[in-house]
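> Sequence first, then the predicted structure, then my questions.
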Amino acid sequence: MGFQSKGCTLRGTGDKMTEIAVLVKRVPDTNAQILVSGDRVDLSAVKWVMSPYDEFALEAAMLHKEAKGGNVTAITLGNADCDKVLKDAKAVGVDRIIRVWDDSWSELDSNQAQSALANVIRDLGINIVYCGKSAADTGAGSTGPGVAERLGWASASNIIGLEFEDTGVEAMVPAATGNARTGVSLPAVISCDKGFCKPRKPNVKGIMMAKRAQVEVMSSDIPSSSVNIISHSPPPKKAPGQTFEGASEVPRVVAALRNDANVI
Amino acid sequence: MAYEGLDFYDIESQLSEEEVMVRDMVRDWVDEEVIPNIEEACRDGRFPEEWGKALGEMGVLGMTIDEKYGCAGMSYVAYGLVCQELERGDSGLRSFASVQGSLAMFPISAFGSEEQKMHYLPQMASGEWIGCFGLTEPDYGSNPGDMITRAVEDGDEYVLNGAKMWITNGTVADVAIVWAKLDGVIRGFIVEKDDVGFSAPEMTGKHSLKASVTSELVFQDCRIPKDRILPNVKGLKGPFSCLNNARYGISWGAIGSAQACFHSAKEYALSRIQFEHPIASYQLVQNKLAWMLREITKGQLLALHLGRKKDDGSWFPEQISLAKMNNVDMALEIARMARDIHGANGILDEYPIMRHMANLESVKTYEGTHDIHNLIIGRWITGIQAFTRTV
Ligand SMILES: Cc1cc2nc3c(=O)[nH]c(=O)nc-3n(C[C@H](O)[C@H](O)[C@H](O)COP(=O)(O)OP(=O)(O)OC[C@H]3O[C@@H](n4cnc5c(N)ncnc54)[C@H](O)[C@@H]3O)c2cc1C
């Protein structure tokens, strides 16, 4: 299945509009209890949400558009169950929502996912991509840099501050001795940490827009898979807490905090 | 941990995607902005102005009205879910939204002229202008048909005289929908806050709905231009159609209060140890929790089914009376039972229980008292009205 690029829209002046993309991923609610049954995670009963860092990426993309003009396209990768995160993005005002998928695909590994996303991003004529620094499910953090690598674009990761310039962005990134203000020229992929902006909330009108919006489905060539998951297992159980009662226990508590927990 | 509503019968599976999105939007806002601040608002006896603005920004004011007038044109089920989440925060907050949407914006949209709709509705949808609804009078509560407030024609104007009482949002309102008799027939009038001869002093000393403004409306030769009459309705049908919408919203709102009380009672019962075990482990307490869950679940199904009927137009008013009466009644009982489960702690403002209980006493009375709804249903069953002795 191929797909057609729509290219960039042109403004009356003939200036190319900045094409901004934001990558959003559907993940289990971070409050959800994760069960492993057999040797696979059982997600049948969990509530799904947009990965929290992606909410900051979405806000950054919207702020970019507000500061410099352009179009924002929200892109997710997954089957039709993932449409909801795109609708959530539409409800806060993105212009276009695209789901990257092919019915012949099942679970993609990181290499395949990044290739698929990079191909679509290239074909859409995107100039800048925002994404979360990592997804709340796998926590791998490889998508942003991986997509940039495949596109041969600049990449800034884990950003904690952002300013918009005409030809790029100025991103604050954590550095060995503090934070580094980094100029990044377009095209670029920016992966966002939390906290530097407040993700906007939808309103009823946005939700109605989202209801009417069509999710565009696009496919792409992907490399064959080179890794496979052998089994899932839950993290080891936490040791039970200890209870202390009465003033006579104070020295034991202090000793435990000092020697075992190393907090005082 | 984020609030998860009790949904024993998986009502959520019956909701559309956008209904869930609207509910979650309001749910998050209530958790973030309302619940942390509501006790202070109650203590100060004020409705935080910024909440009205936020409701406007979210777009939930008059949200069932046509998009042409700056509203959202959403379903009545979505409106119900919004009421539920708002009232989980506080009945005063839901009252604000009910009055604005169902009692002030709705009559303009249903009975107003095109000019009135274009002039008032967008400003009210955004929360820029606040509305109120003046029907009740000091001497006429359950029987508004005998109201005293009068309007007379005088050249290009109507002149209003009389007084309304117990009017939610009255003092803070920019626009009042006032029901008054013109030549003996009840008509709706739009009175603006600066109109000569109009004042709206606040009523104080409430032990219920403390975070909601309640006022008198006083008309002393209050003059308004002729184009402020609602042209398209005469008689009690006008105010009663508004009340139908607001009562419908209350039937959902009460579920929100009940959920808040249930949630608190469940958490408390699981953590409170007496006689060496959590009180939740005792059969008497479980019986109370099971009863709460049962009543909330029935109330949810009732409200949802009624909502779908509102949306397809197949409802009749007695069905709304039943839902309002039943759901407020169960919520009040649940609040009392939750107070009991919390023991002495139940009277503290650290828990939402006592506030919901006190609020629900008003909710039981306004928009048609519990008794009046029984009489409405009694009339439907028997064909005999029992409101007065002259049958
Ligand atoms: C906080 C608050 C906000 C309000 N906001 C508004 C508002 O915004 N706009 C507005 O117009 N009104 C408002 N009201 C007024 C409310 O609608 C009235 O209080 C309600 O209609 C009842 O009227 P009443 O208080 O005069 O009680 P009454 O009608 O005097 O009733 C007293 C008691 O007698 C019972 N009773 C009355 N008639 C009968 C009968 N025929 N048979 C058997 N029992 C009967 C009632 O059920 C009740 O138990 C508000 C009230 C409150 C408390």
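Perfect, thanks for sending it.

> can you map out the strands along the stretch 1-150 of chain B?
Using DSSP state E, counting those that start in this stretch, the strands of the stretch 1-150 of chain B run over B:131-134, B:150-154.

> hey, which of those is tucked in deepest?
Compared across the strands of the stretch 1-150 of chain B, strand B:131-134 shows the largest average neighbour count, a mean of 29 (mean count of other C-beta atoms under 10 Å in any protein chain shown). (C-beta placed from N, C-alpha, C; glycine too.)

> what's next to that strand, contact-wise?
B:99-100, B:103-105, B:107, B:124, B:149, B:164, B:167-170, B:173-179, B:191, B:200, B:215, B:217, B:239, B:242 (C-beta atoms under 8 Å, 6 or more residues apart in numbering or on different chains).

> before we move on, the earlier item: got the strands of the stretch 1-150 of chain B as CSV, with mean pLDDT and distance to A:Ala57 columns?
Listed next are the strands of the stretch 1-150 of chain B as CSV, based on pLDDT from 0 to 100; distance: least, C-beta to C-beta, whole Å:
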stretch, mean pLDDT, distance to A:Ala57
strand B:131-134, 98, 40
strand B:150-154, 98, 58
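
> Point me to the residue of chain B nearest chain A.
Nearest residue of chain B to chain A (C-beta to the nearest C-beta) works out as B:Gly59 at 3.3 Å.

> Tell me which of the strands of the stretch 1-150 of chain B lies nearest to A:Leu108.
Proximity to A:Leu108 (C-beta to C-beta) singles out strand B:131-134 among the strands of the stretch 1-150 of chain B, at 53.3 Å.

> and whatever residue of the stretch 151-264 of chain A ends up closest to the ligand, what pLDDT?
Using C-beta to the nearest ligand atom, A:Val204 is the residue of the stretch 151-264 of chain A that sits closest to the ligand, at 23.7 Å. Confidence at A:Val204, expressed as pLDDT, is 94.

> what do you get for the one 4 residues further on?
At A:Met208, the predicted lDDT confidence score is 93.

> can I assume it is in contact with B:Gly73?
Yes. With contact defined as C-beta atoms under 8 Å, A:Met208 counts as touching B:Gly73 (7.1 Å).

> Residues that sit against both of these two, list them.
Jointly contacting A:Met208 and B:Gly73 under the rule C-beta under 8 Å, 6+ apart are B:Glu67.

> List just the one of the strands of the stretch 1-150 of chain B that sits closest to the ligand.
Closest to the ligand of the strands of the stretch 1-150 of chain B is strand B:131-134 (C-beta to the nearest ligand atom; 4.8 Å).

> Only alpha carbons, please: show that closest one as PDB.
C-alpha atoms of strand B:131-134 as PDB (Å, rounded to 0.1, in the frame of the first residue of the first chain):
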ATOM      1  CA  GLY B 131     -27.700  35.000  33.500                       C
ATOM      2  CA  CYS B 132     -30.300  34.300  36.200                       C
ATOM      3  CA  PHE B 133     -33.900  33.100  36.200                       C
ATOM      4  CA  GLY B 134     -36.600  34.800  38.200                       C
END
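
> All the helices of chain A, residue numbers only.
Assigned by DSSP state H, chain A shows helices spanning A:52-68, A:83-91, A:110-123, A:143-151, A:204-212, A:250-255.

> now, of the ones you listed, which is deepest in the fold?
Comparing the helices of chain A by mean neighbour count (mean count of other C-beta under 10 Å), helix A:83-91 comes out on top with a mean of 24.

> Let me know whether that helix sits next to chain B.
Yes. Using C-beta under 8 Å from any C-beta of the partner chain, helix A:83-91 reaches chain B at A:Lys84, A:Lys87, A:Asp88, A:Ala91.

> who wins for proximity to A:Glu59 among the strands of the stretch 1-150 of chain B?
Nearest to A:Glu59, of all these, is strand B:131-134, at 33.2 Å by C-beta to C-beta.

> May I have the beta-bridge partners of B:Cys132?
According to DSSP bridges, the residues that bridge with B:Cys132 are B:Ala176.

> Neighbours of the residue of the stretch 1-150 of chain A found nearest chain B, how many?
Closest to chain B within the stretch 1-150 of chain A is A:Asn31: 5.3 Å, counting by C-beta to the nearest C-beta. By other C-beta atoms under 10 Å in any protein chain shown, the residues close to A:Asn31 number 11.

> go on, A:Thr73?
So A:Thr73, with other C-beta under 10 Å, has 25 neighbours.

> which ones are touching it?
The neighbourhood of A:Thr73, defined by C-beta under 8 Å, 6+ apart, consists of A:Glu19, A:Ile20, A:Ala21, A:Val22, A:Val94, A:Asp95, A:Arg96, A:Ile97, A:Ile98, A:Leu124, A:Ile126.

> of these, buried ones?
By neighbour count, with 16 or more other C-beta atoms under 10 Å in any protein chain shown, the contacts of A:Thr73 hold A:Glu19, A:Ile20, A:Ala21, A:Val22, A:Val94, A:Arg96, A:Ile97, A:Ile98, A:Leu124, A:Ile126 as buried.

> Enumerate every residue touching the nearest residue to the fourth one once chain neighbours are set aside.
Sequence neighbours aside, A:Ala61 is the residue nearest to A:Val22 in space, at 4.0 Å (criterion: C-beta to C-beta, 6 or more residues apart in numbering or on different chains). Listed by C-beta under 8 Å, 6+ apart, the contact partners of A:Ala61 are A:Ile20, A:Ala21, A:Val22, A:Val72, A:Ala74, A:Val94, A:Tyr130.

> Look at the first one and report its pLDDT.
With respect to pLDDT, A:Ile20 scores 97.

> now it, which residues is it bridged with?
As for beta bridges, A:Ile20 partners with A:Val72, A:Ile128 under DSSP bridges.

> was I right about it contacting A:Ile75?
No. Using C-beta under 8 Å as the test, A:Ile20 is too far from A:Ile75 to be in contact (10.9 Å).

> The closest residue to chain B within the stretch 101-250 of chain A - nearest residue in space that isn't next to it in sequence?
Chain B sits closest to A:Val204 of the stretch 101-250 of chain A, with a gap of 3.3 Å, by C-beta to the nearest C-beta. Distance criterion C-beta to C-beta, 6+ apart; nearest residue to A:Val204, sequence neighbours excluded, is B:Gly59 at 3.3 Å.

> Got phi/psi on that neighbour?
Backbone torsions for B:Gly59, taken as degrees, to the nearest 10, come to phi 90, psi 20.

> so it makes contact with B:Ala125?
Yes. Between B:Gly59 and B:Ala125 there is a contact at 7.2 Å, judged by C-beta under 8 Å.

> Spit out the residues that contact these two alike.
Common contact partners of B:Gly59 and B:Ala125 (C-beta under 8 Å, 6+ apart): B:Cys71.
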